[in-house]
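S.K.: okay, here's the prediction I keep looking at, along with the sequence it came from:
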Amino acid sequence: MSSHLPRLSIAAAALALPLPSALAQTDSAEKVAGSPLDASVAALKQDFESRLAALEKQVGEEKAAREAAEKAAKGKWYEKISLRGYTQFRTTSLFNEDMTPNLVVPADSSVSEKETFMIRRGRFIFSGDVSEHVFLYAQFDAFGSVGGTGDKGLQTRDLYADVAIDADKEYRFRVGQSKVPYGFVNLQSSQNRAPMERPDALNSAVEGERDIGVFFYWAPKEIREVFRQLVRKGLKGSGDYGVLGFGAYSGQGLNRSDQNGEFHWIGRASYPFTFDNGQILELGAQGYVGNFVVSTEQLAPDTGPTPIADPEGLDDERLALSATLYPQPFGFEAEWTWGEGPELNNNVLSPAVEVDTLEGGYLQANCLIETSKGPLFPFVRWNYFDGARKFRANAPVDKVNEIDIGLEWSPWPELELSIMYTRTIKRTDTTDMNDAPFYEEAQDEDRLAFQLQWNY
């Protein structure tokens, strides 16, 4: 406490003391010296200073206890974990006279004549640095697909640890269930992406975007900051997955056990080039190899044959190139993938899942418009795929040709409103096993989707 407190204490005591009229009439201090009044003042002063000393001691003890508690808690992992997330509330209207019963979008169950409102994603994310070298990340979806039944429930999306070798975290291993580094759009969070779903060609490589594995990432400190700023500034970045990354993963997909005891191997390189005018162009290349085990079912329930598939897995190999010009204000995204993988043949009498070629990708133009009522983000995207859905039973042929036109508006940082019109030129309905191996195709169909997203 301050050295002025004793004097202030005396003054306070003196001011608070009700003095008798006799003291007011005293001509000098000498006339009251040694009087009962002088003794009373001295006693009050002593009592006040004694109480003040006790109070100072109590404050000091409480401060010391608080500092001790803070020191004890400092560095504890539970003091560093944060909670955040987002929810997407969606509805889709179908325009054709037949309500497009054979228009099925595997990733979006709101595309249905029987569906009204739905929660597409309800994510909760726990993350934080538990030490100088270990970062934890866990993400759960409160409205995830459970067991492919169409029912919704709590689903684990991510559960991993980043183990950094150096203090700047330029060299790190990611261990656990996390996103597989294949494709810019797969790594881009659905919280940031403008189109409501990912394009089929890239997402068919890793449906759900995640798998269990070990990945190594490297990026210089200054480039890691660029990756972070591309997300923070609302430029639709993919996040920090390193300049170079490689690793091994199960290959069977999100929340699925391995089936053949063999790794999928993957490598990726990506770099954001910054120009003098502030524009940033990110170029990337990625590829993976492995053997994928396809599940099989009767083509027609109770009557159709069951396709043959190698129980040890079929060749699953892909390469993709990526280019992203971030919207400042105009932007552009382009990704294309080539490869080969499991695909159901068209032999009705002896159906089998064999290896066939595939290709596809997307082109997207967009723009970031800053307004007094919040940013607007209009976009147009062409989505194309000619291949198969390896994660679907029997790996059916899948052909997609669509155009999306949409607008995203964020009146406040915690709220986003989106509208997207989709013209389906062609899309295979891979859900009706009675049609296999010649699945029906939806053609020249239209739909309009609305979505409200809140961030927390």
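M.R.: Done, it's in. All values derive from a computational prediction rather than experimental measurement.
S.K.: domain assignment for the chain?
M.R.: 5-18+33-72, 75-455 (automatic domain parsing).
S.K.: how far does the longest one sit from the chain's center?
M.R.: If I follow you right, that is domain 75-455. Averaging C-alpha positions (CA atoms, centre = their mean, to the nearest Å) puts domain 75-455 12 Å from its chain's average.
S.K.: any idea of the mean pLDDT in it?
M.R.: Mean per-residue pLDDT for domain 75-455: 94.
S.K.: buried deepest among the domains of the chain, which one?
M.R.: domain 75-455 (a mean of 18; mean count of other CB atoms under 10 Å). For the C-beta atoms, the positions are set from N, CA and C on the backbone; glycine is no exception.
S.K.: give me the phi and psi angles of residue 224.
M.R.: phi -60, psi -40 (degrees, to the nearest 10).
S.K.: quick check, central residue of the chain?
M.R.: By CA atoms, centre = their mean, the chain has its centre lying nearest to residue 189, at 4.8 Å.
S.K.: how about it, what does it touch?
M.R.: Neighbouring residues of residue 189 by CB atoms under 8 Å, 6 or more residues apart in numbering: 231, 238-239.
S.K.: before we move on, what about residue 341?
M.R.: Contacts of residue 341 by CB under 8 Å, 6+ apart are 292, 314-318, 355-356, 358, 387-388, 390, 395.
S.K.: all strands for the stretch 301-450 of the chain, in order.
M.R.: Assigned by DSSP state E, counting those that start in this stretch, the strands in the stretch 301-450 of the chain fall at 314-325, 330-344, 353-367, 376-388, 397-412, 415-428, 441-455.
S.K.: so the second one versus strand 397-412, what angle?
M.R.: Here strand 330-344 points in a direction 150 degrees away from that of strand 397-412 (axes from the mean of the first three to the mean of the last three CA atoms, to 10 degrees).
S.K.: just the angle for strand 330-344 relative to strand 376-388, thanks.
M.R.: Using the same axes, to 10 degrees: strand 330-344 against strand 376-388 is 20 degrees.
S.K.: hey, C-alpha coordinates of strand 330-344 in CSV?
M.R.: This file holds the C-alpha atoms of strand 330-344, laid out as CSV (Å, rounded to 0.1, in the frame of the first residue of the first chain):
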residue,chain,number,x,y,z
PHE,A,330,-12.5,-10.4,-58.4
GLY,A,331,-11.4,-14.0,-58.0
PHE,A,332,-11.3,-17.3,-59.7
GLU,A,333,-11.0,-20.9,-58.7
ALA,A,334,-10.2,-23.9,-60.9
GLU,A,335,-9.4,-27.5,-60.1
TRP,A,336,-9.2,-30.6,-62.3
THR,A,337,-8.5,-34.2,-61.4
TRP,A,338,-7.6,-37.3,-63.5
GLY,A,339,-7.1,-40.9,-62.5
GLU,A,340,-8.5,-44.3,-62.2
GLY,A,341,-10.5,-46.2,-59.6
PRO,A,342,-13.2,-48.7,-58.9
GLU,A,343,-16.2,-48.7,-61.2
LEU,A,344,-19.1,-51.0,-61.8
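S.K.: coming back round to it: nearest to residue 444, of the contacts of residue 341?
M.R.: Ranked by distance to residue 444 (CB to CB), the contacts of residue 341 are led by residue 387 at 21.7 Å.
S.K.: give the contact list for the nearest residue to the closest one once chain neighbours are set aside.
M.R.: Nearest residue to residue 387 in three dimensions, chain neighbours excluded: residue 358, at 2.9 Å (CB to CB, 6 or more residues apart in numbering). By CB under 8 Å, 6+ apart, the contact set of residue 358 is 201, 204, 318, 337-341, 343, 385-388.
S.K.: tell me what residue 358 is bridged to.
M.R.: On the basis of DSSP bridges, residue 358 is bridged to residue 339.
S.K.: measure it to residue 202 for me?
M.R.: 11 Å (CB to CB, to the nearest Å).
S.K.: now residue 383
M.R.: In terms of CB to CB, residue 383 sits 10 Å off from residue 202.
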